[in-house]
Every structure is written in C-alpha cells, then in structure tokens.
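Student: Mind looking at a prediction? Sequence and model below.
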Amino acid sequence: MSLMPSMIELLARARVDLRMGLPVVLTGNGSAALAIAAESLTGQRLTDLRAIGEVSLALTARRAETLKARVYDTDIARLTVPTDVDRSWVRSLADPADDLKFPMKGPFNCQRTGSANLHRLAIALIKSARLLPAALLVPIDDAATFASDHGLTLINHAVAMPLLGESSPLHPVAAARLPVEAAEAGRLHVFRPEDGGEEHYAIEIGRPDRNAPVLARLHSACFTGDVLGSLKCDCGPQLRGALAQMGAEGAGVLLYLNQEGRGIGLANKMRAYSLQDQGFDTVEANHRLGFEDDERDFRLGSEILRKLGFDQVRLLTNNPNKIAMMEHTGIRVTERVPLKVGENDFNRAYLATKASKSGHFL
Ligand SMILES: Nc1nc2c(ncn2[C@@H]2O[C@H](COP(=O)(O)OP(=O)(O)OP(=O)(O)O)[C@@H](O)[C@H]2O)c(=O)[nH]1
Ligand SMILES: [Zn+2]
C-alpha cells in the first residue's frame, strides 16, 4: 500500500526520534535491539531500557581509542553498561568534554561475541542525526511486535545501511535572481535532498558557458566564519574571496553545502572547539569526539554541478580530496585555483594542521 513509509522515510523519522531521545527498533540477521542516542538519554529511559535487558554502549573506534576501550569489531566498540552506573557515566563516555578533568577509568567490559551490526547501524544513524556518536542498545525478541506495540520506528539493517552510505538525490526546488556585492548578475538555486536532510545552495554568478570549465567553489557551511567573522578559520575570507573572483571574471558558481563543521554539525563543532581550547588540534578534537577527520560527502557537489549543466570546473580549493572526489564522480577538474586568504594569528596553527595532517596544499 502506497501510504506505507519507505526505508528512506523511516530513516528521516528515526533521525528525529533519536534527537528527541526516543528509542528506535533495529533489526537484522535474526536479532533485534532498541537503540537510543546517548546524548539525549534521560534517567527514566535508562531505567526503562534496563527493565528490558542488558544495556550496551556503542562507540566508534575513534572514541574508544581515547578511552582505551577494546575494539573487537574494527570500527565499533561495544561496552557493557554496568547496572550500578547512572546517566552521567554514559554521558562521560560519549562526551569528551571532561576527559582531562575527570578521566574515565576502565577497564571497561568490552563485548567480543555476537554481531556488531546493530551497533554499527545505530552509530551511522546517530551520525546522520548530527549527535554525539554514541548509542545505548538493549536486545529485544520480536522487533515488529515491539515497534508496533510501542509506536516506535523500525529500521532493518540490510535495507538501511546501503542507504546511509549513499548520497541522496538532490532536486532543484526554487531559483531567483540575487544581486550580491560581488556581482549584480547573481542567481541563487536551492536544492533539496530526497532523504529529508539539509538543503544545499548554489549561487551562479553571471551566465557561465556550460561548454567550458566554470570557475567553481565547493564551500562548506561555517556559521562561525561565514556569518560571525570568526578568526579561528579561513572560511569567511574564502567565501567572500571566491565570490569576488567570480565577480571579477564575470562568471562562476559557488556551491554552499550545508555540512557545518566538516559534516559533524554546529553543536559537535563547538564541542571540538572546546577541546581545541584544552590543547587539541582540529583533527585530534574530531577523533576524541568519535568522528573521522572529515565526515563530509562531496559527491553532492558534483550532483549539483551536473544538475546545473556543468561537467568541467576550475576548482577554487586547497583541498586535494575535493579534487579527487570531483574527478571520481565525473566532473573534470581542468585546473586547481588556489584560494589562500584570511590567514591570521588565531588560525595559523589550524591552517598548518590542515596542511600537515589533511594534505592541504600550502
Ligand atoms: N570539525 C571541525 N570543523 C571545522 C573546524 N574549523 C572549520 N571547520 C569546518 O570546516 C569546513 C571548512 O571547509 P572548507 O572551507 O570547504 O575547507 P577545506 O576542506 O579546508 O577546503 P578548501 O577551503 O577548499 O581548501 C566548514 O564546514 C567549517 O565549519 C574545526 O576545527 N573542526
Ligand atoms: Zn570556518
């Protein structure tokens, strides 16, 4: 029946559930579990989970490394939650804010038998909901009955995992003329993904020739840099510099991708900034939170370019990964145009770390 939600729709619902602190039901390979985000766990929900069975905590291998917890499943660690700890124990394992002040002492009881599939699915879902990558799971018997009895969203591992790894198709929803400081001939296009995720934007400057390489910039949202003029990064000057160059050349396209904080979201980026104030660099901070260096999906940049009719670019960037991803997804990068602007005393170390650890061109 067509009114039944598809897995894409169920995943969108599950993201909201997890953000709200509601459990979701995960199932796969004959097993089933309730999963709840550690970040939005209430004391009552922890009590409720314990009434069902033994509760385990899923963490990424990155987070486990900081906690010195054993990882038996490559990318995921599964820790048994002791019966005598409260919500603050879970919080301290999930959130590195107080790692230095109150180091979490193991040894932790790390699970090595059974499958980590449902734990991995919970982490993937929680990352896509832009929460701290940590989930509590408790096994249940009959997933379908449990979900319908309690009105919970039911997610199947085999169907969901490939979808979570894919880039959702994007569709143009609206476009209009937008004169900007850099060029009077501007046009803003809004693209919406099918998975209910963030919209992304493209600002077209002039009327670029679709048969020649276009001067292009893939800009990732940075509220602090773009809007507030933060001195901790170079995003604001890069945004304005790219538009200015497009204005001067009379043509270009700037994609504004809503992947704040290299894809971890603004709340997590502020957590990373707090860790940076404790002395960690931008990459270490991401790892301590349980994220990879860069959680962005640049494939959507190629898709937007193609939808706008472009297949070759002169790419304004210092990031070799952006070039590799463009080429990999069928957009030819005929030239890399360096974008070195906005270095200052506050972001010098950040820019140096990008060069030394993330391979950025100097
Ligand atoms: N997680 C995290 N994200 C950051 C930090 N500083 C800046 N960002 C984010 O990094 C992204 C900056 O991306 P881009 O401007 O595309 O920079 P880039 O990947 O270095 O590539 P180019 O600028 O093209 O050379 C934005 O999403 C910022 O919000 C940080 O310390 N931690
Ligand atoms: Zn920035």
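Tutor: Noted; the coordinates are in hand. Ligands and ions are numbered 1, 2, ... in the order given.
Student: which residue is nearest the middle of the protein?
Tutor: The centroid of the chain falls nearest to Gly263 when counting by C-alpha atoms, centre = their mean (3.3 Å).
Student: Spit out the contact partners of the nearest residue to it once chain neighbours are set aside.
Tutor: Take Gly263 and drop its neighbours on the chain: the residue closest to it by C-beta to C-beta, 6 or more residues apart in numbering is Glu295, 3.4 Å away. Heads up, the C-betas are built off the backbone N, CA and C, glycines and all. The contact partners of Glu295, by C-beta atoms under 8 Å, 6 or more residues apart in numbering, come to Lys127, Gln259, Arg262, Gly263, Ile264.
Student: which ones are touching the fourth one?
Tutor: Right, the one you point to is Gly263. By C-beta under 8 Å, 6+ apart, the contact list for Gly263 reads Ser220, Asp294, Glu295, Arg296, Asp297.
Student: Narrow the contacts of Glu295 to those in helices?
Tutor: Counting by DSSP state H, the contacts of Glu295 place Lys127, Arg262, Gly263 in helices.
Student: Could you save those as JSON lines and add columns showing distance to Leu178 and pLDDT?
Tutor: Below are the ones in helices among the contacts of Glu295 laid out as JSON lines (distance: C-beta to C-beta, whole Å; pLDDT from 0 to 100):
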{"residue": "Lys127", "distance to Leu178": "33", "pLDDT": "97"}
{"residue": "Arg262", "distance to Leu178": "27", "pLDDT": "96"}
{"residue": "Gly263", "distance to Leu178": "26", "pLDDT": "97"}
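Student: show me which of the residues you listed neighbour ligand 1.
Tutor: Among the ones in helices among the contacts of Glu295, the ones lying near ligand 1 by C-beta under 6 Å from any ligand atom are Arg262.
Student: Most neighbours out of the contacts of Glu295, which is it?
Tutor: With neighbours taken as other C-beta atoms under 10 Å, the top of the contacts of Glu295 is Ile264, carrying 25 neighbours.
Student: just checking, it touches His287?
Tutor: No - using C-beta atoms under 8 Å, Ile264 makes no contact with His287, being 11.5 Å away.
Student: In space, what's closest to whatever residue of the stretch 1-150 of the chain ends up closest to ligand 1 - neighbours in sequence excluded?
Tutor: The nearest approach of the stretch 1-150 of the chain to ligand 1 comes at Arg130, 11.5 Å away (C-beta to the nearest ligand atom). Nearest residue to Arg130 in three dimensions, chain neighbours excluded: Gly265, at 3.2 Å (C-beta to C-beta, 6+ apart).
Student: do Pro133 as well
Tutor: Gly290 (4.2 Å).
Student: Flag every residue of this structure that's near ligand 2.
Tutor: Within the chain, the residues that sit near ligand 2 (C-beta under 5 Å from the ion) are Cys222, Gly225, Cys233, Cys235.
Student: Which of those fall in helices?
Tutor: Within the residues of the chain next to ligand 2, residues falling in helices by DSSP H are Cys235.
Student: most neighbours, which of the residues of the chain next to ligand 2?
Tutor: That'd be Cys222 among the residues of the chain next to ligand 2, by other C-beta under 10 Å, with 23 neighbours.
Student: residues contacting that one?
Tutor: So Cys222 contacts Ser230, Cys233, Cys235, Gly236, Glu260, Gly261 (C-beta under 8 Å, 6+ apart).
Student: those helices in this protein, which residues are they?
Tutor: 7-20, 43-52, 61-67, 87-94, 117-128, 143-150, 157-165, 235-249, 260-263, 266-277, 282-289, 299-307, 320-328, 348-357.
Student: Compute the inter-axis angle for the first one and helix 117-128.
Tutor: Helix 7-20 runs at 80 degrees relative to helix 117-128, counting by axes from the mean of the first three to the mean of the last three C-alpha atoms, to 10 degrees.
Student: Run the angle between helix 7-20 and helix 157-165 for me.
Tutor: Going by the same axes, to 10 degrees, helix 7-20 makes 80 degrees with helix 157-165.
Student: Who are the packing partners of helix 7-20?
Tutor: Other elements packing on helix 7-20 under the criterion 3 or more C-beta pairs under 8 Å, 6 or more residues apart in numbering; DSSP states H and E are strand 24-28, strand 31-37, helix 117-128, strand 154-156, helix 157-165.
Student: Just the pLDDT at Glu335, thanks.
Tutor: Per-residue confidence (pLDDT) for Glu335: 97.
Student: Please apply the same query to Glu65.
Tutor: Glu65 carries a pLDDT value of 96.
Student: now Met1
Tutor: According to the prediction, Met1 has pLDDT 68.
Student: start at 15 instead
Tutor: Noted, 15 is the first residue going forward, which turns the last one into Met15.
Student: Now render the helices of the chain as a markdown table, adding distance to Ala51.
Tutor: Formatted as a markdown table, the helices of the chain follow (distance: least, C-beta to C-beta, whole Å):
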| stretch | distance to Ala51 |
| --- | --- |
| helix 21-34 | 4 |
| helix 57-66 | 10 |
| helix 75-81 | 14 |
| helix 101-108 | 9 |
| helix 131-142 | 5 |
| helix 157-164 | 17 |
| helix 171-179 | 15 |
| helix 249-263 | 28 |
| helix 274-277 | 17 |
| helix 280-291 | 12 |
| helix 296-303 | 14 |
| helix 313-321 | 25 |
| helix 334-342 | 29 |
| helix 362-371 | 29 |
